[in-house]
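In: Compute the structure for the input listed below.
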Amino acid sequence: MSEPVEEAGRSGPLAGLRVLDLTVALAGPYCTLLLAGLGAEVIKIESPTGGDIARFNPPFYGKDGIHLDSMEPGDISLSILARARNKRSISLDLKTERGREIFRELARHADVIVENMSDGTVDRLGVDYESISKINPRIVYCSITGLGRPSPYPGVKAMDITVQALSGVMDTTGFADGSPVRFGLPIADLLTPLYGIIGIQAALRQREETGRGQNVVVSMLDCLTSLLPFEHFDVFQRAGFPPRSGNHQNRLAPFGIYKTSDGYVSIAAANDKWAAAIFEAMGQPELGQDARFIGRGPRAKNAVALNTLIEAWTSLHSTESVIAELQVKRGVPSVVVRTALEALADPRLHASGAIQKLVHPDAGEIDAVGAGVPIRMSASKVGLDRPAPKLGADNAAIYGELLGLDAQAIARLRAEQVI
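Out: Numbers count the residues shown, from 1 in each chain. Okay, the predicted model is just below:
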């Protein structure tokens, strides 16, 4: 693997791996964020005017703190502060011939390229896998696409909500008598990079044997839709089950979210022992002998009636008392349904590194959180400990130390607006 330009802080398991980051928005930058958090040297490449559209996402941090108003000079998007941590930043205009020449030189020194440009863009720019592999046969080139290439839906912009709609996931989210519901997080944007990293690691492993890299292609639509068969929606719908079951997983009933007198509790009682324990807690042990609820099959068929009976009990008691009766006293998996703010404030999650405060390159720690790298390794450093750099902050180091350009040459590129 290539020797990194700057070794400081590169003690992670992917130390020595150099990644050229041609990604924008969320799916691609999240992939390279995780690679950076695992120790890879990630060089984020953008046009001199700021190519990543995430730079213009509110909320912003500026002289007046965090705000949702129009972006002002000096403001930095929290999206960039979160997604560009541990990365190095250079500016480069790939629409110029000189810019493309410089990129090809950078590619000679790289192990991995990650891109999520729209259909046809990398080909038009001449930075596609076929072109780059000719000058660096060892390159592992990851393409994160929205709908696949070529797209089966020409002209359709592959936003996360678009992919959720086409994947069928929306049809499984919501209540049986209601409309499809968008998953609360940009799940396609967040899931697909994980598959991308799996592909990258597999390609790097194979490169050890063959000496050659390859093009790894993942699509948001493919990745999200591939999850549907795990719940056998086709079989269950043929048996009369609706695709949407709201806050309950009816095939495992009682299994879901139940209202209490002061909030909500999650109960996961998927086996006979736990179901019987709930009936005992309710003061109705005879329900365990009710033909509707004997065994998982009957409980699944009669889940609506079962859930109604359970919620009639839970709604009379506090969340704490329900958990005391079920989880503490009887060992039935039951926990409080926390708000997002409660979860994000959990000191244990901060201590584990799953969540961490965002850091501004000048102002230091700010009152906002970002995702960490939720992986712990016994012999390697993992995490995001460097703030997002300003656009082009590493131009001199990368172009000077890696490509050998002197100060005059770099100044000329800047004057010509190539960087």
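In: Can you tell me the SS state at P48?
Out: For P48, the secondary-structure state derived from DSSP: H, G, I helix; E, B strand; the rest coil is coil.
In: residues near it, how many?
Out: Burial of P48 is recorded as 18 neighbouring residues (other C-beta atoms under 10 Å). No exception for glycine: its C-beta is placed from N, CA and C like everyone else's.
In: Kindly report the same for the one 10 residues further on.
Out: Using other C-beta under 10 Å, P58 has 14 neighbouring residues.
In: now the one 3 residues further on
Out: Residue neighbour count, defined by other C-beta under 10 Å, stands at 22 for Y61.
In: wait, A371 sits on G353?
Out: No: A371 is not in contact with G353 according to C-beta atoms under 8 Å; the separation is 9.8 Å.
In: Nearest the geometric middle of the chain, what residue?
Out: Computing the C-alpha centroid of the chain and ranking residues by C-alpha atoms, centre = their mean puts L190 first, at 2.4 Å.
In: Tell me how far that residue lies from L26.
Out: Spatial separation of L190 from L26 under the definition C-beta to C-beta, to the nearest Å is 7 Å.
In: what does L125 give?
Out: Taken as C-beta to C-beta, the spacing of L125 relative to L26 amounts to 22 Å.
In: and those two? which has more neighbours close in?
Out: Between L125 and L26, counted using other C-beta under 10 Å, L26 has the larger neighbour count: 23 against 17.
In: which one is that one nearest to, not counting chain neighbours?
Out: Spatial nearest neighbour of L26, chain neighbours left out: D189 (4.2 Å); criterion: C-beta to C-beta, 6 or more residues apart in numbering.
In: Now the element after the strand or helix carrying the one you found, going C-ward?
Out: Of the helices and strands defined by DSSP states H and E, D189 is found in helix 187-210. Beyond helix 187-210 on the C-terminal side, the first helix or strand identified by DSSP H and E is strand 215-219.
In: same for that following strand, what does it pack against?
Out: Using 3 or more C-beta pairs under 8 Å, 6 or more residues apart in numbering; DSSP states H and E, the elements in contact with strand 215-219 are strand 140-145, helix 187-210.
In: Could I get those in JSON lines, plus columns for distance to L81 and mean pLDDT?
Out: JSON lines is the format used below for the helices and strands packed on strand 215-219 (distance: least, C-beta to C-beta, whole Å; pLDDT from 0 to 100):
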{"stretch": "strand 140-145", "distance to L81": "22", "mean pLDDT": "98"}
{"stretch": "helix 187-210", "distance to L81": "17", "mean pLDDT": "98"}
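In: Can you show me the strands along the stretch 301-419 of the chain?
Out: Ranges of strands within the stretch 301-419 of the chain are 334-336, 355-360, 364-371, based on DSSP state E, counting those that start in this stretch.
In: Include distance to P73 when you put those into CSV, please.
Out: Conversion of these to CSV gives the following (distance: least, C-beta to C-beta, whole Å):
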stretch, distance to P73
strand 334-336, 45
strand 355-360, 15
strand 364-371, 18
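In: Format these as CSV; extra columns: distance to L391, mean pLDDT and mean neighbour count.
Out: Converted to CSV, these look like this (distance: least, C-beta to C-beta, whole Å; pLDDT from 0 to 100; neighbours: other C-beta atoms under 10 Å):
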stretch, distance to L391, mean pLDDT, mean neighbour count
strand 334-336, 43, 98, 18
strand 355-360, 14, 96, 18
strand 364-371, 18, 96, 14
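In: which stretch among those strands comes nearest S378?
Out: Closest to S378 of the strands of the stretch 301-419 of the chain is strand 355-360 (C-beta to C-beta; 20.7 Å).
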